[in-house]
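> Fold the following for me, if possible:
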Amino acid sequence: MESWPRKQRNKYTACLAACSTLAWKQNAAVLWKFILVTKQHCSKTPTHTHTHTYSRVRIMEPRRHAKGSTPPRDVRRGQAPAGAPQKDAYARLLSQHHSSKFRSYRDQLALQLEAEEAPDAQGWAARRAPESCLALYMEKLGERGPPGEAGTPPQQATFARRQHHGERRDTNTSQDGDVESGEEGLLRQRHPRKHRHGDPGQRQPAGEDEGVAPHSAGAKEQERKKPKKKNATKSSEEAKPRPDNAPTAQPHDGLVGTSLTPDKSKNKNKPARGKKKPVFEAYMSKEDVSAGLKRGELIQGPLRINPKKYHEAFVPAPDCMRDIFLDGMLARNRALNGDVVVVEVLPREQWKVVKSDTDGEGASETETPGRPPSPDTTQRSQDRDTAGALPAAVEELTLGTTGSSRQNSSEGSKKNNGCSLMDPSIISDRGLQRTAKVVYIVEQKHSRAAMGFIKFLPDKNFAMFSPVDHRVPRVNVPLADCPENFVSRPGDYANTLFICRITSWPDNNTFAEGRLAKSLGQAGEIEPETEGILMEYDVDCSEFSEDVLSCLPQNLPWIIPPKELRQRRDLRKECIFTIDPATARDLDDALSCKLLPDGNFEVGVHIADVSYFVEEERALDLVASRRATSVYLVQKVIPMLPRLLCEELCSLNPLTDRLTFSVVWNITPQGKILSEWFGRSVICSCVKLSYDHAQSMIEAPEKLFSAAELPPCSPQHPIDQIHQAVLNLHSIATHLRAQRFQSGALRLDQMKLSFTLDEESGMPQGCYIYQYRDSNKLVEEFMLLANMAAAHQIYRSFPQQALLRRHPPPQTKMVDDLTEFCDQMGLSLDFSSAGALHRSLNETLGTDEYSSARKEVLTHMCSRPMQMAIYFCTGVLKEEPLFRHYALNVPFYTHFTSPIRRYADVIVHRLLAASLGLGSQVSLTGGEVQKLASHCNDRKTASKRVQELSSELMFAAFVKESGPLESEAMVMGVLDQAFDVLVLRYGVQKRVYCNAVQGLECFHYRKVGKRPEMTLIWAAEDPEGGSVRQEISIFSLVEVVLKADAAPMKYSAFLKRH
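Modelled structure (predicted):
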């Protein structure tokens, strides 16, 4: 390089400097190709070549000398003066750039360099337009400030290497030797008030590396050391580790949009000397927020943070189009997952450019954990392109696929996978996603509790709490909260789980303040992990207080008072029975069916009258309303009500008189309802049937069951009478179900994993896919019918206070995208209505042994646009069309049939009693009912997620104890370096990383239209044999092996050789 002419040397330095400013990571091999291309060009270019081509990109060149002066000899020999980072350019290039974006940009530079060799003026004029656009882009990057601000800080590169090897970042010291405690400022180059979403200077956070996977399967990127640099800036997002068990080559689901607007506010609002500069923007006042919401300038909604890419957050859009995107911790402004926030939409030039159909959608309903699943847990069923932003004028330059094979994809697939227009100012709204920032937190729905580990920090009076859930910030906790010998023996607690509660989060600190609440025990054990999950989701599992228990009947055994008997319809002599899971102890519904002389039937649904025992405003009612739902774990239940009620006084146990709320219909054998009666009653169940018992009766209609084959039965009702009642109910339910789906109902069934547990240890001994059979459908049909009847009754009586349940239609944009994708896949799915979707799901997938698996995969795709059903008050929502339940396709629906485990049902029982003149008048206002409805929604969502996490935890323990486990699997989605599978034997969804597959020579990703495909090339098993190709696409069948990871309670899926 010393022998080059100065102009060429400056050009070469400018190229390296410009690339380092882009702050994109790149594989070392690709970077060296760029360096060699540039070196080769500069070595052969004559000295008279035009140099003003790069005049605008000399961002990191040495300080200019006076005209006519000669740079010192030591500078010419590579000893750059202060501020000139040529020496660091190689390190930055080799350690930071890791994306197809940079590869495309490099190719564009190479084309321009070749074009520059043409000496004629006409050639230069012709080349001026595309070059100037690139230069303008680099100029905008340059306007962000010197490399220390716009470029990637050295510690970020170190962190990227840690990420790539699946390491948790050391919380003790940072790259520059300072304690990583949140005391340092955040992102000097970006003031919070002018946060640039997708800023080129901001690299992906932990676990979201972009780039090309190593061509050889299992290859690892070499770790490189970087020189320390003082006063390097940090990003709050980079202070987070990626999940510990992530593979080396994380598939990229990165952002594809970039704001090109330079940040001109870095010198504004400087704090006074001696004060720490605010990191987060101050919240708006309540008055300003209220006014902004009324004017439509602000948007309110729940914040949803992607558990897999915690720098991404979303707020639902009021127009039901693509969710509004919040990029990073600064944009979230100290709000946590689930909080109700008010956001301000950013200017259009800062909106995110969405390249693929599945980009910009955020986490689905199944992605709403407090403790996230491991990074390989399936969250998406479709690939998202990972190429990033380029200048708008480079629209002819189509990015290649980000797949990982030595062979390039076809030009067609490149074109489909690429993105040409990345400047938001010239893209239609359809290709953009609105971005926003939080300006106010309306309600902190997140518990502010997290499970994690503590880290000792030398010379500090606090310790660092690092949560397992990476969406929660790290927390400074007082040493006084830590164990007594923590300071002297911190290593003893490296694997100990703690619960920390956040108490505050100052605006000048990227780290929150908090207190340790409890030491849970060792990570990887069922009970500590379970307790941590319950505390994170704010599940109250404490014992009921004396005040609460005093509300229960004190004289046991309790008998129904004679006065109460006289006020109820006596059904104790009727043939009434329960059908529940074999292990159920809280039996809150029973059925009856009596043949009438006219050939019709009297069918009754009898629900435990919990509201008789839970009186309004008493201590028992208050604690039940707070808990709102029972929480069902694999190994236990956290009840909403004391066990004396759940399992005794309210439970419809056999051969025992119980108080109920009944709905009785006269109904034809074809399921047509002739009359209906609601009222309070008293019953005596004649037998407790399990679903297995009822199924046996349905499958053997002519069989005479013996007493030994069934649980104890009432002598007043012979077994054949019970058997015939079950058969009659099944026949009527079959007609009701057919009518319901003919009327346009939709059901999206997904596999559910069940376990058999050791009675002593509580550890899983086995697991199986729960079968949804005719006996389940029988009970479901009559529960749906009772719920719909209750909804009509309470809404007619209390149109301003009725508590109903609605299911909004799916998000329009996501449905449109999914429809287009299915068309490309050759799937004729009709999304025009719920009923049309149900029919097409059940008619287009064939009848072979794998049709159910294909339906499961397709159901997973179809569930992504779906919204959650929610409770609401009719007096608040007001518009009847919004009351509809999309999946059931009915105008009114509520929950009436499970008051032992759902508080919403207790409210409905009270409304129902008042509507029939059987109870006190309704004292709740519409606003109070809505507040209760909102709380029930929150607790139901938390309960559902806790149940899912409990199942995941138990299955991970099963894999550890019984694995490796082999199973056939069906491909659910194909990404550029991995693919998602449904493990058919166990019903779990996992991600298979190609780089972790043993024996794989290379792999090749491509898109045919919108259909992602991958070719795997297996190395020859013997020297004489050739390599073997395996094609991977959606619905492909593969063999996988599930193996436990080194990390506690984690497991991974590996592909077996084809």
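> do you know how far the residue nearest to Leu516 when sequence neighbours are not counted is from Ile454?
Setting aside the residues directly before and after it, Leu516 is nearest to Asp481 in space (C-beta to C-beta, 6 or more residues apart in numbering), at 3.9 Å. No exception for glycine: its C-beta is placed from N, CA and C like everyone else's. Spatial separation of Asp481 from Ile454 under the definition C-beta to C-beta, to the nearest Å is 9 Å.
> The two - which one has more neighbours?
Ile454 (26 against 18; other C-beta atoms under 10 Å).
> which element is that one on?
For Ile454, the host element (DSSP states H and E) is strand 449-455.
> Thr578 too?
Secondary-structure element containing Thr578, defined by DSSP H and E: strand 576-580.
> Put the alpha carbons of the host helix or strand of Val603 into CSV.
Assigned by DSSP H and E, Val603 belongs to strand 601-608. Taking Å, rounded to 0.1, in the frame of the first residue of the first chain, the C-alpha atoms of strand 601-608 are listed here in CSV:
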residue,chain,number,x,y,z
PHE,A,601,-86.0,-34.5,24.9
GLU,A,602,-85.6,-32.4,28.0
VAL,A,603,-81.9,-31.6,28.2
GLY,A,604,-80.4,-29.8,31.1
VAL,A,605,-77.1,-28.1,31.8
HIS,A,606,-76.5,-27.7,35.6
ILE,A,607,-73.7,-25.4,36.8
ALA,A,608,-72.4,-25.2,40.4
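> buried set for it?
Of the residues in strand 601-608, those scored as buried under the neighbour-count criterion (16 or more other C-beta atoms under 10 Å) are 601-608.
> State the distance from the residue nearest to Gln670 when sequence neighbours are not counted to Phe601.
Leaving aside its sequence neighbours, Gln670 sits nearest to His735 (C-beta to C-beta, 6+ apart; 5.1 Å). If you measure His735 against Phe601 using C-beta to C-beta, the figure is 11 Å.
> between the two, what contacts are shared?
Overlap between the contact sets of His735 and Phe601, as judged by C-beta atoms under 8 Å, 6 or more residues apart in numbering, is given by Pro669.
> Let's verify Tyr440: helix, strand, or coil?
Classification of Tyr440 into helix, strand or coil gives strand, according to DSSP: H, G, I helix; E, B strand; the rest coil.
> From Arg295, how far off is it?
Per C-beta to C-beta, Tyr440 is found 15 Å from Arg295.
> quick one: which of the two has more around it?
Of the pair Tyr440 and Arg295, Tyr440 is the one with more neighbours under other C-beta under 10 Å, namely 22 against 8.
> okay, now the nearest residue to Glu312 once chain neighbours are set aside: neighbour count?
Distances taken as C-beta to C-beta, 6+ apart place Asn306 nearest to Glu312, at 4.3 Å, with adjacent residues excluded. Applying the criterion other C-beta under 10 Å, we find 22 residues in the vicinity of Asn306.
> And the one 5 residues further on, by the same measure?
With neighbours defined by other C-beta under 10 Å, the count for His311 comes to 28.
> Would you confirm that it contacts Met329?
Yes - under the criterion of C-beta atoms under 8 Å, His311 is in contact with Met329, at a separation of 7.3 Å.
> what's the burial count for the closest residue to Val442 other than its chain neighbours?
In space, not counting the residues next to it along the chain, Val442 is nearest to Val340; the distance is 4.2 Å by C-beta to C-beta, 6+ apart. For Val340, the neighbour count with other C-beta under 10 Å is 18.
> Write down the beta-bridge partners of Val340, one by one.
Listed beta-bridge partners, Val340: Pro302, Glu443 (assigned using DSSP bridges).
> Touching, it and Ile441? I think so.
Yes - taking C-beta under 8 Å as the contact criterion, Val340 and Ile441 are neighbours in contact, 7.4 Å apart.
> To what extent is His735 buried, counted in neighbours?
By the other C-beta under 10 Å criterion, the neighbourhood of His735 contains 16 residues.
> before we move on, back to that, which secondary structure element contains the residue nearest to Gln670?
Counting by DSSP H and E, His735 is part of helix 719-742.
> Hey, what's the angle from that helix to strand 601-608? Just curious.
Taking axes from the mean of the first three to the mean of the last three C-alpha atoms, to 10 degrees, one finds that helix 719-742 is oriented at 90 degrees with respect to strand 601-608.
> Pull the residues that contact helix 719-742.
575, 577, 591-595, 601, 603, 667, 669-671, 686-687, 689, 694, 697-698, 701, 704-707, 710, 713, 747, 774-775, 777-778, 781-782, 784-785, 835, 838-839, 888.
> per-residue confidence averaged over that helix?
Mean per-residue pLDDT for helix 719-742: 96.
> Tell me who's in contact with the closest residue to Asp570 other than its chain neighbours.
The spatially closest residue to Asp570, leaving aside those adjacent along the chain, is Val682, at 5.7 Å (C-beta to C-beta, 6+ apart). With contacts defined as C-beta under 8 Å, 6+ apart, Val682 is in contact with 560, 564-565, 568-572, 657-660.
> What subset of these is buried?
Applying a neighbour-count criterion of 16+ other C-beta under 10 Å, the buried members of the contacts of Val682 are 568, 571, 658-660.
> Quickly check the contacts of Val682 for the two that are furthest apart.
By the measure C-beta to C-beta, Glu564 and Leu571 form the most distant pair in these, at 14.2 Å.
> Can you list the low-confidence ranges for the stretch 301-450 of the chain?
Judged by pLDDT under 70, the stretch 301-450 of the chain has its weakly predicted residues at 355-429.
> quick one: Cys541 and Ile638 touch, right?
Yes - counting by C-beta under 8 Å, Cys541 does reach Ile638; the two are 4.8 Å apart.
> Quick check: neighbours shared by those two?
Applying C-beta under 8 Å, 6+ apart, one finds that Cys541 and Ile638 are jointly contacted by 534, 631.
> more crowded one of these two?
When neighbours are counted by other C-beta under 10 Å, Cys541 and Ile638 differ, and Ile638 comes out ahead with 17 against 14.
> OK, contacts around the nearest residue to that one once chain neighbours are set aside?
If you skip the residues right next to it in sequence, Ile638 has Val631 as its closest partner in space, 4.1 Å away by C-beta to C-beta, 6+ apart. Contacts here follow C-beta under 8 Å, 6+ apart; on that basis Val631 touches 534, 539, 541, 637-638, 943, 946-947.
> any idea how far Val631 is from Leu641?
13 Å.
> swap in Glu849?
In this structure, Glu849 lies at 45 Å from Leu641, with C-beta to C-beta as the measure.
> More neighbours: which of these two?
Set side by side, Glu849 and Leu641 show more neighbours around Leu641, with 27 against 7, by other C-beta under 10 Å.
> For the more buried one, which non-adjacent residue is spatially closest?
Using C-beta to C-beta, 6+ apart, the closest residue to Leu641 is Ala624 (5.9 Å).
> swap in Ala789?
Counting by C-beta to C-beta, 6+ apart, the residue nearest Ala789 is Val663, at 5.5 Å.
> Doesn't the one you found lie inside a strand?
Yes - according to three-state DSSP, Val663 belongs to a strand.
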